[in-house]
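A.B. asks: model this:
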Amino acid sequence: MVFNLSEKNSIANQFIAELRNVEIQKDRQRFRRNLERVGEVLAYEISQTLQYELYEVETPLGVSPVMLPAQRIVLGTVLRAGLPMHQGMLNYFDSADNAFISAFRRLHKDGSFDIQLDYVTTPDLTDCVLILSDPMLATGASVNVALQELLRFGTPAIIHVATVIASTAGLDAVRRRYPRATIWAGAIDEELTAKSYIVPGLGDAGDLAYGNKQP
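C.D. replies: As a prediction, the model looks like this:
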């Protein structure tokens with residue numbers, strides 16, 4: 001299942017437009033904040049799919065019944081670009097456990113690449129709701145490798161993948177590998193370049209958020 005946030009009009013349109021805008025991108029702080037905002041919006045949307053239980057909250061004047069989330073949530077992210085989006089998710093799921101994956105593209109002389117994992121830290125994922133954030137879902141390779149590694153630490157009850165911009169090719173790759181995962185995208189673009197960048201996309205989210213890579 002794929003949820004495309006841009007299919008309905010909301011304030012998220014403004015956040016995504018600013019993330020794409022080459023002039024506004026020059027403000028790294030604003031770029032990071034917009035990634036965070038999209039994370040918050042997607043966290044709210046995902047929250048509507050959770051299981052809830054009835055609790056009673058004591059107020060100064062009585063008792064109020066309220067439905068609260070009943071499932072254990074683990075927020076995962078692919079470093080480094082995913083950190084602002086992860087923070088947006090954490091702003092809403094503030095009692096969630098957290099998982100982090102360090103991954104990068106290792107380029108080959110023929111222009112191809114594979115995904116190199118350097119570091120993984122995660123709690124037990126058995127029966128949790130796993131929400132994996134990665135701002136750009138281009139080929140789907142990073143997400144597939146990250147999920148493969150995370151699932152060594154237990155089988156979640158539910159898997160969500162949250163991204164700001166996805167390509168159709170990346171969506172297809174993740175859905176083929178993990179058909180039971182629900183993918184939440186701020187927008188979906190059709191084209192990939194020869195170097196697997198999304199078009200029109202927004203560029204390299206990690207560089208835009210934290211500065212250019214060192215040569």
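A.B. asks: check contacts around the residue nearest to the spatial centre of the chain.
C.D. replies: Closest residue to the average C-alpha location of the chain: S133 at 2.0 Å, with C-alpha atoms, centre = their mean. Under the criterion of C-beta atoms under 8 Å, 6 or more residues apart in numbering, the contact list for S133 reads G39, L75, G76, T77, V78, G82, M85, H86, M89, A162, T163. The C-beta positions use only the backbone N, C-alpha and C, and glycine is treated the same way.
A.B. asks: Those: which two are farthest apart?
C.D. replies: The largest separation in those, counting by C-beta to C-beta, is between L75 and T163 at 14.0 Å.
A.B. asks: Now tell me which helix or strand of the chain has the poorest mean pLDDT.
C.D. replies: Confidence across the helices and strands of the chain bottoms out at strand 113-121, with a mean of 71, counting by mean pLDDT, DSSP states H and E.
A.B. asks: Just checking, which helix or strand succeeds that strand along the chain?
C.D. replies: Following strand 113-121 in sequence order, the next helix or strand is strand 129-133 (DSSP states H and E).
A.B. asks: In PDB, list the C-alpha atoms belonging to that next one.
C.D. replies: In PDB, the C-alpha atoms belonging to strand 129-133 read as follows (Å, rounded to 0.1, in the frame of the first residue of the first chain):
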ATOM      1  CA  VAL A 129       5.200  -0.900  14.800                       C
ATOM      2  CA  LEU A 130       8.400  -0.100  12.900                       C
ATOM      3  CA  ILE A 131       8.500   3.300  11.100                       C
ATOM      4  CA  LEU A 132      11.600   3.700   8.900                       C
ATOM      5  CA  SER A 133      12.300   7.200   7.600                       C
END
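A.B. asks: what does whatever helix or strand comes next after it rub up against?
C.D. replies: Beyond strand 129-133 on the C-terminal side, the first helix or strand identified by DSSP H and E is strand 136-137. Contacts made with strand 136-137 from outside it, assessed by C-beta under 8 Å, 6+ apart, are listed as 81, 143, 161, 163-167, 170-171, 174, 183, 185, 198, 201-202, 205.
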